[in-house]
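>>> here's a sequence, model it:
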Amino acid sequence: MRLWHEALIKKLPRQQLLGQHRECCALRGKGWGKPHSTVNYVFNYSPYKLFQYHLQVMTEMRKRGYHPDEKWLNPLYRGQTSKVYLELEEVIQTFPIYPEHNNDYLEDCKENLREKGIII
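Numbering: from 1, shown residues only. The predicted structure follows:
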């Protein structure tokens, strides 16, 4: 699992963009709080930040003609098998959404993509 640096979302190829949507869905649902070395930092913040990130992914998907389930536009929604949040305090959006998404992380993401043969 990986959350790409948000500066790359608009540049991601189809496969990576759709994969990012699936990963966001998994993290927002039953994956919330389950350790994974590349995304553990998201659990240090409100799930609302993950919603904000996911919203950017879904916005780009819609721009490209994809139709993510509109249920995911609700920050309380956690998928078909996880109970919705009863409440979730809204968090002011920052850029980057996650402070871990700094310039070093951006370069790491670009290198990861280059290793897959994707030049951005």
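>>> tell me the helices and strands packed up against the helix or strand residue 111 falls within.
In the assignment (DSSP states H and E), residue 111 maps to helix 103-115. Judged by 3 or more C-beta pairs under 8 Å, 6 or more residues apart in numbering; DSSP states H and E, helix 103-115 is in contact with no other helix or strand. No exception for glycine: its C-beta is placed from N, CA and C like everyone else's.
>>> what sits up against it?
2, 4-5, 7-8, 16, 119-120 (C-beta atoms under 8 Å, 6 or more residues apart in numbering).
>>> pull the number of nearby residues for residue 111.
9 (other C-beta atoms under 10 Å).
>>> contacts for the lengthiest helix in the chain next, please.
Under DSSP state H, the helix in the chain containing the largest number of residues is helix 47-63. For helix 47-63, the external contacting residues (C-beta under 8 Å, 6+ apart) are 3, 6, 9-10, 12, 17-18, 20-21, 24-25, 27-28, 32, 42, 67-68, 72-73, 75, 85, 88-91, 93, 97-98.
>>> check which residues of that helix are buried.
47-58, 60-61 (16 or more other C-beta atoms under 10 Å).
>>> want to throw those residues into CSV with pLDDT?
Shown next, in CSV, are these (pLDDT from 0 to 100):
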residue, pLDDT
47, 98
48, 98
49, 98
50, 98
51, 98
52, 98
53, 98
54, 98
55, 98
56, 98
57, 98
58, 98
60, 98
61, 98
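>>> and those, which is closest to residue 80?
Residue 80 lies nearest to residue 54 out of those, by C-beta to C-beta, at 15.9 Å.
>>> how close does the closest residue in space to residue 82 that isn't next to it in sequence get to residue 54?
Leaving aside its chain neighbours, residue 82 sits nearest to residue 29 (4.3 Å; criterion: C-beta to C-beta, 6 or more residues apart in numbering). Counting by C-beta to C-beta, to the nearest Å, the gap from residue 29 to residue 54 is 11 Å.
>>> ok now the helix holding residue 111, how far from the chain's centre?
Mean-position distance between helix 103-115 and its chain equals 16 Å (C-alpha atoms, centre = their mean, to the nearest Å).
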